[in-house]
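A.B. asks: Provide a 3D model corresponding to the input given below.
(3 chains)
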Amino acid sequence: MSADRLFALVDGNNFYVSCERVFRPSLCCRPVVVMSNNDGCAISRSEEAKLLGIGMGEPVFKYRALIERHGVELCSANFTLYGDMSTRVNETLRTFAPGIEMYSIDESFVDLSGMADRDLKGYGREMRERVRRWTGIPVCVGIGPTKALAKLGNAVAKKNKLFAGVCDLMDRRFREQVLRLFPVGDVWGVGRAKRRQLTALGIDTAARLAELPLGQARALGTVVLERLVRELNGESCLEMETVPAARKSAAVTRSFGQPVNSFAELMESVAQHVARVGEKLRQQDLVAGEMTVFTHTSSFRGGPQRCGTGARRISPATSDTRLLLQVARRCAEKAYRGGYRYIKSGVIVDDLRPRPAGQPTLFGWGEEGSIVLMKAVDDINRRYGADTVFPASRGTARSWKMRQLRLSPRYTTRIGDVPVVRA
DNA sequence: TCTGGGGTCCTAGGACCC
DNA sequence: TCTGGGGTCCTAGGACCC
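C.D. replies: The predicted model follows:
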């Protein structure tokens, strides 16, 4: 059965940078870096920026001189924009095959099973061109009989210009050649720790990993590594997940723009996160049964280090920001201890489940009123911009607010930000 | 001076039960 | 005094992903 499976992995090149470029063509052919929240690290780099030596995940301040000398453009991450562009890319891919798995914001698997007779390379090229034309985003395509091989093909297509953006690994002989040249650390599912273990055993390429006996693979890396070895050998073990699995947890965590040491400031930031978490839950019609609040100091700075957490059950499970705030305060009190310079706080909700429909609550605020009120808040914030309405406990001074000095407009999701073309 | 955020899966080990 | 064996559930921590 696994023999006739066929997967494509389509992945946006330097996705965040490409999104910015769609709306600012002046960024094309120049070094561009998109920075993480708080303008801390480089999380997406244009080819030109990579050539300058700016590393993935590296703190941007390290490169200040380089950035100035080469006129590198810096952008604060604008996830609202990227999320919307991602939807557009996926809508385009759906015109090629109905089975799409949105694996991450910039990558999707496309189920091409049953199409093995086609000119796959040509089909891949068509995908590339259509996505480019309809959305402005450049992508690469990897094709293979398993997800892991499609992923690997995609990495090859991206690295080696000779492939012109499409790498088809359906042919066994060709595949074996490619695997021999592919570093084991770049295989999907092999992280830093596994790579070290494997290379110590002389397993330094994907081909060597594919030769690893299954029992040894399991001993070394549990069922996960065993499955990966099978996949590299063309045996499909990982199915398409076209319906996104129910979320089990959700989190909102942020670094502060500057360190915080009072409980009042910490609690303000927590209140802000709770408002966002509530929004997330309501968007997906979920309620949460458990909450954890944490805060910690920076391991990059001197001074006493601490990581504080506080967790509580939420009963009854809810998505009402007001109830979540009550629980969050108790959690935060437990997490906080004075005398430290905290640089980050976060709110995590677990034990998520679908909102019970029309179920009367014995104790509590009256389900109906809560739903109507929260919907009103969400509608206002969607229409007039995030944080038009917010919990008072969030405060207004917000000394802890994160830095986002170079934020682009929400070109596609906010009416006032839509670009204007003059002809 | 300045170092992101948000997930999932798996296992080991302890608590508890019969 | 000797102290079985099997099962479930929960949690913490590690590893991985983008």
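A.B. asks: mind listing the strands for the stretch 1-150 of chain A?
C.D. replies: With strands called from DSSP state E, counting those that start in this stretch, the stretch 1-150 of chain A shows them at A:7-12, A:32-35, A:42-45, A:73-76, A:100-104, A:107-111, A:139-144.
A.B. asks: would CSV of those strands with distance to A:L209 and mean pLDDT be doable?
C.D. replies: (Each C-beta comes from the backbone N, C-alpha and C, glycine too.) Listed next are these as CSV, based on distance: least, Cβ to Cβ, whole Å; pLDDT from 0 to 100:
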stretch, distance to A:L209, mean pLDDT
strand A:7-12, 19, 98
strand A:32-35, 32, 97
strand A:42-45, 28, 97
strand A:73-76, 37, 96
strand A:100-104, 21, 97
strand A:107-111, 21, 98
strand A:139-144, 15, 98
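A.B. asks: before we move on, what SS does whatever residue of the stretch 251-400 of chain A ends up closest to DNA strand C have?
C.D. replies: Closest residue of the stretch 251-400 of chain A to DNA strand C, Cβ to the nearest atom of the strand: A:A311 (7.6 Å). Under DSSP: H, G, I helix; E, B strand; the rest coil, A:A311 falls in the strand class.
A.B. asks: Torsion angles phi and psi at the nearest residue to it once chain neighbours are set aside?
C.D. replies: Leaving aside its chain neighbours, A:A311 sits nearest to A:T292 (4.3 Å; criterion: Cβ to Cβ, 6 or more residues apart in numbering). Per-residue torsions, A:T292: phi -130, psi 130 (degrees, to the nearest 10).
A.B. asks: correct me, but A:T292 touches A:R330?
C.D. replies: No - counting by Cβ atoms under 8 Å, A:T292 does not reach A:R330; the two are 11.7 Å apart.
A.B. asks: For A:G53, give me phi and psi.
C.D. replies: Torsion angles, degrees, to the nearest 10, at A:G53: phi 100, psi 10.
A.B. asks: and it, how many neighbours does it have?
C.D. replies: The number of residues packed near A:G53 is 9, by other Cβ atoms under 10 Å.
A.B. asks: right, and it touches A:L66 too?
C.D. replies: Yes - counting by Cβ under 8 Å, A:G53 does reach A:L66; the two are 7.4 Å apart.
A.B. asks: State the helix or strand in which A:L152 lies.
C.D. replies: helix A:147-159 (DSSP states H and E).
A.B. asks: how distant is the helix or strand following that helix from the center of its chain?
C.D. replies: Proceeding N to C from helix A:147-159, the next assigned helix or strand is strand A:166-168, under DSSP H and E. Distance of strand A:166-168 from its chain centroid, counting by Cα atoms, centre = their mean, to the nearest Å, is 25 Å.
A.B. asks: anything in contact with each of A:T292 and A:R330?
C.D. replies: A:G310 (Cβ atoms under 8 Å, 6 or more residues apart in numbering).
A.B. asks: between the two, which one's more packed in?
C.D. replies: Ranked by neighbour count (other Cβ under 10 Å), A:T292 and A:R330 place A:T292 first, with 19 against 14.
A.B. asks: Give me the pLDDT value at the more buried one.
C.D. replies: According to the prediction, A:T292 has pLDDT 94.
A.B. asks: now do the one 5 residues further on
C.D. replies: At A:T297, the pLDDT value in this model is 93.
A.B. asks: go on, the one 5 residues further on?
C.D. replies: pLDDT for A:G302: 83.
A.B. asks: Could you confirm it falls within a strand?
C.D. replies: No - under three-state DSSP, A:G302 sits outside any strand and is assigned coil.
A.B. asks: got the phi/psi numbers for it?
C.D. replies: phi -80, psi -170.
A.B. asks: Please report the distance of A:L81 from A:R398.
C.D. replies: Distance, A:L81 to A:R398, using Cβ to Cβ, to the nearest Å: 23 Å.
A.B. asks: So for these two, which sits in the more crowded spot?
C.D. replies: A count of neighbours by other Cβ under 10 Å puts A:L81 above the other of A:L81 and A:R398, at 24 against 14.
A.B. asks: distance of the more buried one from A:G385?
C.D. replies: 14 Å.
A.B. asks: before we move on, what about A:S298?
C.D. replies: 31 Å.
A.B. asks: With neighbour numbers in mind, choose between these two.
C.D. replies: Set side by side, A:S298 and A:G385 show more neighbours around A:S298, with 15 against 12, by other Cβ under 10 Å.
A.B. asks: burial count for the residue nearest to the more buried one when sequence neighbours are not counted?
C.D. replies: Counting by Cβ to Cβ, 6+ apart, A:I343 is the residue found nearest to A:S298 once chain neighbours are left out, at 4.3 Å. When neighbours are counted by other Cβ under 10 Å, A:I343 registers 21.
A.B. asks: three-state assignment of A:I343?
C.D. replies: Going by three-state DSSP: A:I343 is strand.
A.B. asks: which residues touch it?
C.D. replies: For A:I343, the contacting residues are A:255-256, A:259-260, A:296-298, A:301, by Cβ under 8 Å, 6+ apart.
A.B. asks: hmm, stretch A:374-392 in reach of DNA strand B?
C.D. replies: No - with Cβ under 7 Å from any atom of the strand as the criterion, DNA strand B is not reached by stretch A:374-392; the gap is at least 12.9 Å.
A.B. asks: ok, and what's touching that stretch?
C.D. replies: Applying Cβ under 8 Å, 6+ apart, the contact partners of stretch A:374-392 are A:271-272, A:274-275, A:278-279, A:282-283, A:319-322, A:325, A:414.
A.B. asks: Lowest-confidence entry in those residues?
C.D. replies: A:R414 (81).
A.B. asks: Now do the nearest residue to it once chain neighbours are set aside, the pLDDT please.
C.D. replies: Excluding the flanking residues, the one nearest A:R414 by Cβ to Cβ, 6+ apart is A:G385, at 7.0 Å. At A:G385, the model reports a pLDDT of 81.
A.B. asks: how about the residue of chain A found nearest DNA strand C, phi and psi?
C.D. replies: Using Cβ to the nearest atom of the strand, the closest approach of chain A to DNA strand C is made by A:G191 at 2.1 Å. Main-chain dihedrals, A:G191, degrees, to the nearest 10: phi -100, psi -170.
A.B. asks: where's it relative to A:E58, distance?
C.D. replies: Separation of A:G191 from A:E58 (Cβ to Cβ): 18 Å.
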